[in-house]
Structures are given as structure tokens and as C-alpha cells.
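A.B. asks: Fold the following.
(6 chains)
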Protein chains: 6
Amino acid sequence: MRTLLQALLTPRRAVQAHCDLPCGVYDPAQAKVEAESVRAIQERYQDAEKFKTEGESVEDYRARCLGIKEERADLVKHHLWVLWTDYFKPTHLEKYPQLHELFWKATKSAGEAKKAQDPKQGQQLLDLIEEISKIFWETKAA
Amino acid sequence: MRTLLQALLTPRRAVQAHCDLPCGVYDPAQAKVEAESVRAIQERYQDAEKFKTEGESVEDYRARCLGIKEERADLVKHHLWVLWTDYFKPTHLEKYPQLHELFWKATKSAGEAKKAQDPKQGQQLLDLIEEISKIFWETKAA
Amino acid sequence: MRTLLQALLTPRRAVQAHCDLPCGVYDPAQAKVEAESVRAIQERYQDAEKFKTEGESVEDYRARCLGIKEERADLVKHHLWVLWTDYFKPTHLEKYPQLHELFWKATKSAGEAKKAQDPKQGQQLLDLIEEISKIFWETKAA
Amino acid sequence: MRTLLQALLTPRRAVQAHCDLPCGVYDPAQAKVEAESVRAIQERYQDAEKFKTEGESVEDYRARCLGIKEERADLVKHHLWVLWTDYFKPTHLEKYPQLHELFWKATKSAGEAKKAQDPKQGQQLLDLIEEISKIFWETKAA
Amino acid sequence: MRTLLQALLTPRRAVQAHCDLPCGVYDPAQAKVEAESVRAIQERYQDAEKFKTEGESVEDYRARCLGIKEERADLVKHHLWVLWTDYFKPTHLEKYPQLHELFWKATKSAGEAKKAQDPKQGQQLLDLIEEISKIFWETKAA
Amino acid sequence: MRTLLQALLTPRRAVQAHCDLPCGVYDPAQAKVEAESVRAIQERYQDAEKFKTEGESVEDYRARCLGIKEERADLVKHHLWVLWTDYFKPTHLEKYPQLHELFWKATKSAGEAKKAQDPKQGQQLLDLIEEISKIFWETKAA
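C.D. replies: Got it, this is the predicted structure:
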């Protein structure tokens, strides 16, 4: 039997994605997942001594943090761009005129994440994605 | 105010991903999202006349279905492989001895999705991912 | 000695690109180059009998057209997205308030290019990129 | 009205690319654009204190320089290889017997750019691409 | 105990690869492996009725052949280009002046493989790679 | 005339690869080649002073080692995953029940290679691939 904790930990089944067929499957979770990874890397960078593998030097661990964060931030940008261009339609924009600006800020924030080692920056990125996500799910419910 | 429908449509916030830092962020949703896309493409392939863009020939639409499905199925495989190798630990395997076989079947099923145009095949893939997902969230709750 | 024709055929030396260092090098030519390829493929699709390699069937040639166009259109989207998020700043937007809408339309047009076999569609994509390019070079000259 | 400065800053419209359809669209600008980025990164590496983002350490900035330069140099190699193999024909080689050697040197120089932090090295790479570009546009004008 | 057949079927242990560190590890096997795949696809294309999965249409199977062959041929080109630019040195060229021409032909042949459905074409590609491989192993033995 | 040394240095001709057509071409050499590169990079990291290019700092050389090793280790994982899912069949598993565990360990070892600078770690990875390779060639000979 599934416990309440399991239920809380379990994501909704009908996750959503995309492709330019279009397949009609979209989900802001794809961007969020990579942004969570960005923030986690920023935390690990700050606390490298604790997180690094035994035998790995702090310098090497941090160099790896930077390289991997670069890739993850790129994925955030990509998933957000796809959502902006492919999912949202002119009728959505009428109802949510802030959409263009919101996506612009969120993708710029993902770009800044490459330079920023502070998890607060990653949290700001996650907050912007959360705003997008809220609108997204409102349009799906409409 | 958020409606119940919105609540049902809204995914849980704390989605999870991965990287080999490791960042500790994982989520079967990444595989599921692409598998949903695979099944949606199989449905569209079957009902091409209805789904194709105006002016697009059924033949061209189906050729695009095949090409895009190939990519999406590859992503399913990739996300599952990462989960299998990077997230699951020997202690998990002790508790869930079926893990190896389950991932083998699921990734083989993703490979078959490239050849199969029947949405039932895509559903089987989704069912296998659901089994993996259930175990994954049990281990997170443990 | 360089002839006038050569001069006309020769691109300007100081072409521009990008990366999120940032390196400060950007150029709409990257999107344009791929969009020219998209339109050329649409033309070849229409006139497959003439363009296909000897021994290649028209059906196979067209299937290849579709697959390659899909990739090239993706590159157009990518280069435009990078320009929108990385190059343009809030001060540019004040002066060119149409920027968001313009990039949205252009990237949507690149997405449509995957479904469209008519070179007129590719030309519309090129026209939108030309509008972006004009603004880009005005901001560089400012 | 377009100013002279704008005219000088504006690239020629008919830029060129490639694909193995083949689409017949090629342009050395693709390699040049990435090589400009390589040289710009080498300059920023030298003057990291000035170019780095506020709050970013010089060490981290330089580590990012190295990683990004690696990618950009790879793109230079790729674009040059495509030009060499796909655009140039035996008749071109008869007229420009130096082509093989020139491309070999240029792609080797792009490989060296990964190790070299001196912008002079990047300039040598750009000079080699300029030589290729000159021949390319002569063959187009022929 | 290993049988003679096993010995014949077993590849030499010390296979070789590359990277631009450089790591000093190269091996023409990487190109050969993809070219074997190209030829195998051409054979399957010819004999689609026999090779296709049950329930898959011949048209769909062939469309998949074309798409996958495109990718494999690209990998052949990539591995050959890397070998040409990164492994071979001016001293090798003095001893094997045919190197440039040989690589040019081989990579052009890989490009043609995208259009050609005849396994004889794939065999010609493999023969050219064999010539390169022979020279490569002579230089290693020198 | 081919010398014995050449013969020893020459790999077997019929190398094997893969694709999900499936083309039926597989070869553990693809994973081995990248793992050899991983170990070579670990050796160069240890002996950076000796291996680095003149003018390159030891710090920069090592940063490049880390970045490139990350990629090569990813390729090892990919090639092994493909072999596991695509080549091996249930009948193979009956005969070699250790297959799942072996691939799990080998891909986990490739993940550890990203963090480990000790060539002994790379050798362990190579040893695991060798075990897989041995089984692979036995199944081909069967």
C-alpha cells in the first residue's frame, strides 16, 4: 500500500514533453529538472570539501562543477525556448501579456547561472520557471 | 485561487534530474516525458490524415513521425540508462532484485518503439517506466 | 586584383558569433545561413527529379530532404534564440519594442519550415531574419 | 536612411551554408564566426580581471574560458572539414593545388587553439581561414 | 580455453582512439565500424522484405534505413577527419604523399553513401578506409 | 611485405558497430577505444609537466584533462549501454547470468572515471570492458 509520504513524493503520472511534429506533449518539468541540478551544483560548489569524492581535490571538483553547470544551464535555456516558441499561442499571450518578458528573464537567468556560484541565483532561476509553470498549467486547465 | 482541476494538472514542484557530478537530482519523469511523446507520435502516425498540417502530404507527415520518434526513443533509452547506472545502488538492488531485468526490458522496449507504429507498444513502454518510477519513489521515501 | 564581382561575392570580414562566456561575438548570419539551406531544400523538394542524384529514387531523395530540413530548421531556431536571449539587452528593447514579437514569429516560422515544402515559406522565414538582422546591425552601429 | 557605418557593419545578404543533401549552400563565414569567438576568448583569458563578471573569481572565469574555447575550436574544425570535403571539387583543386595543405594547416591550427591562450594564435587561425575564404569566393565568382 | 575461431573473432586488445588533449590514442577502427554499419544498412535496404521487423511496412523500414545511414555516414566522416587532422604529421605526409587525396576521397565517399543504396558503394568506402588503415598501422610500426 | 610487428599492430578487419535499425553490427572496441583514452588522460594528468604543450600552464592542462575525460567517460557509458540493451539477447543471459551485473559495474566504473585521476581506476574500467568483450566474442563464435 502506498504511504502518504510516497504519494507526496510521487510525481503526477501524465508528464508532458514536446517535439516539432508537433506531438502536443509539453511540460515545464523538463526545464525545472535541469534548473534543480544547476542549483544543486552551486550548493556543492560552495561546500566542495563536504561533497567531493574522497581523493578528489577541491580544485578539480570545482572545475567539474563549472563544466557540468554550463551544460545543465544550456539545457534549461533550451527547454524554456521550446516552451516559449512551440507551446504558447497568440491567444495565450493575450491573456498573459507578461509571457515574452518572463521567458526572456528566465533564459537570461539561466545564462547567468553559468557564471554564478551562489545557490540564491539558482533559486531565482527556479522561481522564474515556477511562474512560467503556473501559467502553463493554467492554460492547460482552461 | 487555484482550482482543483489546476491542482490535479499541476505537477509536483520538486522534480528531479541528474548529472555525474553527481548533483543528486534524478527523476524518472525525464524518461516518461519522452515516452509520452513516443506514444503520441504513434497515435498521430495512425491517424495521420487528422493530425497532419494542412497542405502536408500524409506520406511526408508519416516520414517525419518516423524520424522524430527515432530521436525521442533514443532519449527514453538515455534517461533510463542514466537512472539505472547512476541513481540505483547495490542496496536498492538487494531490495528490488528485479531492477536489472526491468531496465533491460524497458530500454529494449524503447528500441522497439522505433520500429513499432502501434500506440499499444508505446503504452507498454510507459507501463515499464511506471514500474521503474514506482520503485524509484519508494527508494526516495525509504 | 579583386574584381567587382568578387567584392560583391565576398562577405564582410568581421563576422560575429556567440558563446555564454560571453565572448561578445554575435552575428545573425548564423541563423540566415541555415535558413538559406532550409529554403534551398524546399526548392529541391519541389524539383526533386532535377536535383536528385542519378540512381536515387525521387521518394528517397524527398525523404532525405525532410530529414535534413528538420535539422537545419532546428539550427535556425537555436541561433535565433541565442541572439534574442544573449545579445539583446533591455535598452535595445526600449528602442525596438517589437523585438520579442519578432523573434517569436521568426522562431515559430522556423518550426513551420519543418512541415512546409513550399519555398515561399522559407522566404518568409528569411524575411523575418532579415528584419532581425537590420535591427541587430543598427544596434551595433549605435 | 542607412548610414555608411551601418552599411559597413552590415554583412552581405546572401550568406551560405551546407548540408549533405546537398543543398548547395556553403559559406566560410561559419568557420570564421567560431574562430572570431576563439580569439575573443583568448583575449578575455589574458585580461580576465577586466572581463570576468563581478563576483566571479579569475580562476573560475579562466576555467570557463578553456571549456568554451574547446567547443568553439571544435566547431571551427567541423565547418572547415565540411567545406573541404563537400564544397571543393577536383576542378577547384587543379586551379588551387594548395587547398589540401591549406585546410590541413587550418584545422591543425584550430586544434592548437584549444591549448593556446595567446590571441596571436587565434589570429593565425583567422588568417588561414581568410585564405580559404578568398579562394572560396573566387571559385564562386568563376 | 580459447578456440582458434575465438582468437580469429577477437579484436586486438590495444585499440586506439583520440581526443584533442591530445591523449595520443587513435584508431581507424572507429571509422571502419561506422562504415560497416553503412554497408549493412545498404544491404538491408535492398532486401527490406527480409530484414524488416514483422508488422513494419517496407516503406517505413526503408525510410528508417535512410535516416540512420545519414547519421552513420556522418560519423564515418567525423572519425576520418579527426585522423587526418590530428594523427597524421608532416613527416607522415612526406612518406605517404597520397594521404591528403586519400582522405579527401574517403570522406567524399562517406558523403555519397548518404545518397547511395547500393552496398557496392559502401564497400568502396570500406576499401578506402582499409587503405588509410594500412598506412596508419605502418606509421605506428615505424 | 608486412612485418610481424605490423601484423601484431594491425587490428582485425571485420570490426563491428551498431544502430537501432538494427544493422547487426556491434563491437566492444567502441567502448574500449574511449576507455583507453580515459586511462591515457589520467596518466597525462599525473604527469602533466611532461605532457603539457610548451607554454601551456599545468593548471590549464589539467583543467582540459578533466573536461575531456568527462566526455570520453560518457562515450564509454553510451557504447556499453548500447551493447547491453541492443546486442545481448535473453538466450545470452541464460548462458552468462553475470551480464547485467557486469554491465552495471562497468558503466558505474566509467562514471567514477570522471572523478578519478588515478590511471589504476582507468585500468579497472578497461578490465571490466575486457570481460564484456570476452563474452561478446564467445557469443559471436557460438
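
A.B. asks: can you give me the helices in chain A?
C.D. replies: A:4-9, A:29-46, A:48-51, A:58-82, A:90-95, A:99-112, A:119-141 (DSSP state H).

A.B. asks: Relative to A:Phe136, how far out is the most centrally placed residue in chain A?
C.D. replies: Nearest to the mean C-alpha position of chain A, counting by CA atoms, centre = their mean, stands A:Lys32 at 2.7 Å. According to CB to CB, to the nearest Å, A:Lys32 and A:Phe136 sit 11 Å apart. From N, CA and C alone the C-beta is placed, and that goes for glycine too.

A.B. asks: do the same with A:Glu56
C.D. replies: From A:Glu56 to A:Phe136 the distance is 39 Å (CB to CB).

A.B. asks: can you check A:Leu75 too?
C.D. replies: In terms of CB to CB, A:Leu75 sits 18 Å off from A:Phe136.

A.B. asks: Specify which residue of the two has the higher count of neighbours.
C.D. replies: A:Phe136 (25 against 19; other CB atoms under 10 Å in any protein chain shown).

A.B. asks: dump the residue contacts of that one.
C.D. replies: Applying CB atoms under 8 Å, 6 or more residues apart in numbering or on different chains, we find A:Phe136 in contact with A:Tyr26, A:Pro28, A:Leu83, A:Tyr87.

A.B. asks: what ranges of chain A fall below the confidence cut-off?
C.D. replies: Across chain A, residues meeting the criterion (pLDDT under 70) sit at A:1-17.

A.B. asks: which bits of it sit near chain F?
C.D. replies: A:Thr53, A:Gly55, A:Glu56, A:Asp60, A:Tyr61, A:Ala63, A:Arg64, A:Gly67, A:Ile68 (CB under 8 Å from any CB of the partner chain).

A.B. asks: how about a cut-off of 7 Å?
C.D. replies: Neighbours of chain F within chain A, by CB under 7 Å from any CB of the partner chain: A:Thr53, A:Glu56, A:Asp60, A:Ala63, A:Arg64, A:Gly67.

A.B. asks: Determine the number of other residues adjacent to A:His100.
C.D. replies: 19.

A.B. asks: Could you pull up the residues touching the closest residue to A:Cys19 other than its chain neighbours?
C.D. replies: Using CB to CB, 6 or more residues apart in numbering or on different chains and skipping the chain neighbours, the partner closest in space to A:Cys19 is B:Ile68 (5.0 Å). By CB atoms under 7 Å, 6 or more residues apart in numbering or on different chains, the contact list for B:Ile68 reads A:Cys19, A:Leu21, B:Ile41.

A.B. asks: please redo it, this time with the cut-off set to 10 Å
C.D. replies: The neighbours of B:Ile68, taking CB atoms under 10 Å, 6 or more residues apart in numbering or on different chains as the test, are A:Cys19, A:Asp20, A:Leu21, A:Pro22, A:Cys23, B:Ser37, B:Val38, B:Ile41, B:Arg44, C:Gly67, C:Glu70, C:Lys114.

A.B. asks: Return the member of the residues you listed nearest to F:His92.
C.D. replies: Of all the contacts of B:Ile68, F:His92 sits closest to B:Val38, with 26.4 Å by CB to CB.

A.B. asks: Name the nearest residue to the residue of chain A found nearest chain C, sequence neighbours excluded.
C.D. replies: Using CB to the nearest CB, the single residue of chain A nearest to chain C is A:His100, 3.7 Å away. Closest residue to A:His100 apart from its sequence neighbours, by CB to CB, 6+ apart: C:His100 at 3.7 Å.

A.B. asks: doesn't C:Pro90 make contact with the one you found?
C.D. replies: No. Using CB atoms under 10 Å, C:His100 makes no contact with C:Pro90, being 11.6 Å away.

A.B. asks: joint contacts of the two?
C.D. replies: Common neighbours of C:His100 and C:Pro90 (CB under 10 Å, 6+ apart) are A:Glu101, A:Trp104.

A.B. asks: related to what we said a few turns ago, for the residues of chain A next to chain F, which entry has the maximal number of neighbours?
C.D. replies: Neighbour counts for these (other CB under 10 Å) peak at A:Arg64, which has 28 neighbours.

A.B. asks: mind listing what that residue touches?
C.D. replies: A:41, A:44-45, A:48, A:52-53, A:56, B:19-21, D:63, F:63, F:66-67, F:69-70, F:114-115.

A.B. asks: ditto for A:Thr85
C.D. replies: With the criterion set at CB under 10 Å, 6+ apart, A:Thr85 makes contact with A:18, A:20, A:103, C:77, C:80-81, C:84, C:103-111.

A.B. asks: and what of A:Pro22?
C.D. replies: Applying CB under 10 Å, 6+ apart, the residues near A:Pro22 are A:Asp86, A:Tyr87, B:Ser37, B:Ala40, B:Ile41, B:Arg44, B:Phe51, B:Thr53, B:Ile68, C:Gly111, C:Lys114, C:Lys115.

A.B. asks: Next, the last one: phi, psi?
C.D. replies: The one in question is C:Lys115. phi -90, psi -20 (degrees, to the nearest 10).

A.B. asks: Tell me if I'm right that A:Arg62 and A:Gln42 touch.
C.D. replies: No. Assessed by CB under 10 Å, A:Arg62 is found out of contact with A:Gln42, at 11.1 Å.

A.B. asks: So for those two, which residue has more residues nearby?
C.D. replies: Using other CB under 10 Å, the more surrounded residue of A:Arg62 and A:Gln42 is A:Gln42, with 23 against 20.

A.B. asks: ok, the more buried one touching A:Cys65?
C.D. replies: Yes. Using CB under 10 Å, A:Gln42 makes contact with A:Cys65 at a distance of 8.0 Å.

A.B. asks: Lovely, talk soon.
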